[in-house]
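S.K.: Here's my sequence, what's the structure:
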Amino acid sequence: MTPVVSGGALGARVEELLERRTAVSERFFTAEAEPVARLCHRMAERFARGGRLIAVGASPQARSDARHVAVEFVHPVIVGKRALPAIGLAREGGGLAAQVELIAEADDVFIAFGLEEGDSDTAAALEHAVARDCLTIAFARGAAEWTFEAPSDDPFVRQELTETLYHVLWELVHVFFEHRGLLEGRDARKVHDAGASSFLYPFLGEREHDLDAVLADVRESVVLKAEDLAALRTQTLSEGRDDLIAAAAALRERFDSGGRLLALGNGGSATDAMDAVADFREPPAAAGGDGPRWPARAALDLTEDAAILTAIANDIGTDAIFARQVIAYGRAGDVALALSTSGNSTNVIEALAEARRRGLATVAMAGYDGGRVASEGLADHVVVTRSQHIPRIQEAQASAYHVLRELVELAGG
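M.R.: Presented below is the predicted three-dimensional model:
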C-alpha cells in the first residue's frame, strides 16, 4: 500500500513536475523549431493538392491523440482558420494496417501515435502509408519521413510535448495558405490573375519567392508558442496546486472505497477526457517497462459511446449528453472530472450539477477565467488555466490531469 505523503511533500512534487516539463519543453521546441516550420510548409502543400490528414493510434492513450488531432483540423476553434480534412483511426474499426491500406492515398499526411510503444499494427500502418506516398510523421525513430523524439523518459511529458506539437502544426500550417505561391504541386497555381497590371500587384498573381523569410517567421512562432505554454502551465499548476492536491486526496479516498472516475468534455476536451481515463485504467509502465507504474483505477469515459451521445442529443438535446450518463452510471462515492476550455459549456454544467445531486465529488479544469464553473462554484475543486487561446489551454490542462494522476498514487494510504 502506498504510504501517505504530506501536503507539503505533494506541493514540492508539483513544483518538481512543473520544472521537469519546463526544461524539457524548452529544449525540445528550440531544437525542433526549424523542422516543424518546414513540415508545416510540406503539409500545406499536401492539403492544397487535396490531401487529407490520417492519424492512427492503437493504445488508449495513442487513440486519444489520433482523435484529438483530427478534431482540431476538421473543426478549427480559431476564427478564420479553414477546416481541413482529417480522419482519426483507432482499433474500433479493426486493425490499423488494414484500415490504412483501404483509406490512404497519395498526397495524404499520415501521423502515427504510439510507435514508441512498439505496436506492430501501427508500424504496419506506417508501412502502408509510405507505400501510398503519404507524407509520414511519427514520434519515434523508424520509417517515417518526419520524426520527433521527446527528450524524456516520462510518458506523460512525452504525450504533452506531442500534443503541443500537433497543435502547433495545425496552427501554423495555415500560414502557408496565406502564401499560396509558395505551395508547389497544387492543382491550381493562381487564385487571381492580375493580367497586364500584375507588375503593380504581384501578390495578386501569388508570385512569391521568399520561402526562407516565411519559414523564419514560422520558426520564431513555434518557439514563442512554446514559451507561452510554459508560462501558462506555470500559472495553472502553481495557482491550482492546492486544488490538485485536494482533488487527488478525494479521488484516492473514493478509489480505495470502491468508487470510480467519470470524465467528460467536448471536442478536444473530449479527447483529453479519453486520455485521462486511459491513464487511470491503463497506467504507464514503470521505468524499464517492468509492469505498470501504478495500479489500474476504475474510470469511465462519458465521451466514448457515439450511439449513446447521438441518441441523447437527437431525442433530448446536446445539453443532456453527459448529465443523462451521470444519472445512469454515477453513484455516491464516485468522482466526476469535467474538462472545459471555457467553463461555460451547458452540458458540462448540467453534468456537474447532476453529479452533485447524486453525491459525487466534482473536479473541473477550465480555461479563460474559469467561466461559470469557477464563478458559481459548480465543482468542489476547480483548476483554472487563465488564457483565451484554446490549444494552449488544452496543453496546460493535459499537464494538470497528468499531475493529478500521479498525486492520486501519492496521496493515500
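S.K.: list the contacts for residue 14?
M.R.: Contact analysis of residue 14 by Cβ atoms under 8 Å, 6 or more residues apart in numbering lists 237, 241, 244, 245, 403, 407. All C-beta spots, glycine's among them, are computed from the backbone N, C-alpha and C.
S.K.: scratch that, residue 316
M.R.: Counting by Cβ under 8 Å, 6+ apart, residue 316 touches residue 324.
S.K.: Residue 367: neighbour count?
M.R.: 27 (other Cβ atoms under 10 Å).
S.K.: and which of the contacts of residue 14 is nearest to residue 61?
M.R.: residue 403 (16.0 Å; Cβ to Cβ).
S.K.: Next, the contact list for the closest one, please.
M.R.: Contacts of residue 403 (Cβ under 8 Å, 6+ apart): 14, 17, 237, 244.
S.K.: Need those residues in TSV (columns: secondary structure).
M.R.: Putting the contacts of residue 403 into TSV (DSSP: H, G, I helix; E, B strand; the rest coil) gives the following:
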residue	secondary structure
14	helix
17	helix
237	helix
244	helix
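S.K.: Now the two most distant members of these.
M.R.: 17 and 244 (10.2 Å).
S.K.: For the stretch 201-350 of the chain, give me the ranges with low pLDDT.
M.R.: 201-209, 286-291 (pLDDT under 70).
S.K.: try 50 this time
M.R.: The stretch 201-350 of the chain contains residues with pLDDT under 50 at 201-207.
S.K.: host element of the nearest residue to residue 320 once chain neighbours are set aside?
M.R.: Once flanking residues are discounted, residue 320 sits nearest to residue 312: 5.4 Å by Cβ to Cβ, 6 or more residues apart in numbering. Assigned by DSSP states H and E, residue 312 belongs to helix 306-315.
S.K.: likewise residue 212?
M.R.: Assessed by DSSP H and E, residue 212 sits inside helix 211-239.
S.K.: in that helix, what counts as buried?
M.R.: By 16 or more other Cβ atoms under 10 Å, the buried positions in helix 211-239 come out as 211, 214-215, 218-219, 221-222, 225-226, 228-230, 232-234, 236-237.
S.K.: Stretch 370-379 too?
M.R.: Those would be 370, 371, 372, 373, 374, 378, 379, for stretch 370-379 by 16+ other Cβ under 10 Å.
S.K.: Quick one: residues contacting the spatially closest residue to residue 409 that is not a sequence neighbour.
M.R.: Nearest residue to residue 409, sequence neighbours excluded (Cβ to Cβ, 6+ apart): residue 294, at 4.6 Å. Each residue near residue 294 by Cβ under 8 Å, 6+ apart is listed here: 283, 405, 409.
S.K.: can you redo those as JSON lines with distance to residue 10, secondary structure and neighbour count?
M.R.: Shown next, in JSON lines, are the contacts of residue 294 (distance: Cβ to Cβ, whole Å; DSSP: H, G, I helix; E, B strand; the rest coil; neighbours: other Cβ atoms under 10 Å):
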{"residue": "283", "distance to residue 10": "18", "secondary structure": "coil", "neighbour count": "19"}
{"residue": "405", "distance to residue 10": "13", "secondary structure": "helix", "neighbour count": "21"}
{"residue": "409", "distance to residue 10": "11", "secondary structure": "helix", "neighbour count": "18"}
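S.K.: List just the nearest of the residues you listed to residue 257.
M.R.: residue 409 (16.0 Å).
S.K.: Quick one, grab the pLDDT at that closest one.
M.R.: Looking at residue 409, its pLDDT stands at 96.
S.K.: Please report the distance of it from residue 179.
M.R.: Counting by Cβ to Cβ, to the nearest Å, the gap from residue 409 to residue 179 is 49 Å.
S.K.: Next: residue 394.
M.R.: Residue 394 sits 27 Å away from residue 179, going by Cβ to Cβ.
S.K.: So between these two, which is more surrounded?
M.R.: Set residue 394 next to residue 179 and count neighbours by other Cβ under 10 Å: residue 394 wins out with 27 against 18.
S.K.: ok, back up a step: return every residue with contacts to both of residue 17 and residue 244.
M.R.: With Cβ under 8 Å, 6+ apart, residue 17 and residue 244 have common neighbours 237, 403.
S.K.: the more surrounded of these two?
M.R.: A count of neighbours by other Cβ under 10 Å puts residue 244 above the other of residue 17 and residue 244, at 25 against 19.
S.K.: all strands in the chain, in order from the N-terminus.
M.R.: Counting by DSSP state E, the chain has strands at residues 53-57, 86-89, 109-113, 135-138, 146-147, 261-265, 299-301, 335-340, 361-366, 381-384.
S.K.: Quick one, which of those gets closest to residue 320.
M.R.: Nearest of the strands of the chain (Cβ to Cβ): strand 261-265, 12.2 Å.
S.K.: What count of nearby residues applies to residue 329?
M.R.: Residue 329: 13 neighbours (other Cβ under 10 Å).
S.K.: correct me, but it touches residue 300?
M.R.: Yes - counting by Cβ atoms under 8 Å, residue 329 touches residue 300, with 5.9 Å between them.
S.K.: any residues in contact with both of the two?
M.R.: 260, 262.
S.K.: List the contacts of residue 26.
M.R.: By Cβ under 8 Å, 6+ apart, the contact set of residue 26 is 226, 227, 230.
S.K.: Sorry, wrong one. I was asking about residue 369.
M.R.: Residues in contact with residue 369, defined by Cβ under 8 Å, 6+ apart, are 343, 375, 384, 386.
S.K.: How much space separates the last one from residue 396?
M.R.: From residue 386 across to residue 396, the span is 9 Å (Cβ to Cβ).
S.K.: Columns distance to residue 81 on top of the contacts of residue 26, output as TSV?
M.R.: TSV is the format used below for the contacts of residue 26 (distance: Cβ to Cβ, whole Å):
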residue	distance to residue 81
226	20
227	22
230	24
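S.K.: Show me which of these is closest to residue 59.
M.R.: Using Cβ to Cβ, those come closest to residue 59 at residue 226, 25.7 Å.
S.K.: Who's the closest spatial neighbour of the closest one, skipping the chain neighbours?
M.R.: Counting by Cβ to Cβ, 6+ apart, residue 226 lies nearest to residue 29, which is 3.7 Å off, once chain neighbours are set aside.
S.K.: just to revisit the earlier point, settle it for me: which of residue 386 and residue 396 has more neighbours?
M.R.: Between residue 386 and residue 396, counted using other Cβ under 10 Å, residue 396 has the larger neighbour count: 29 against 15.
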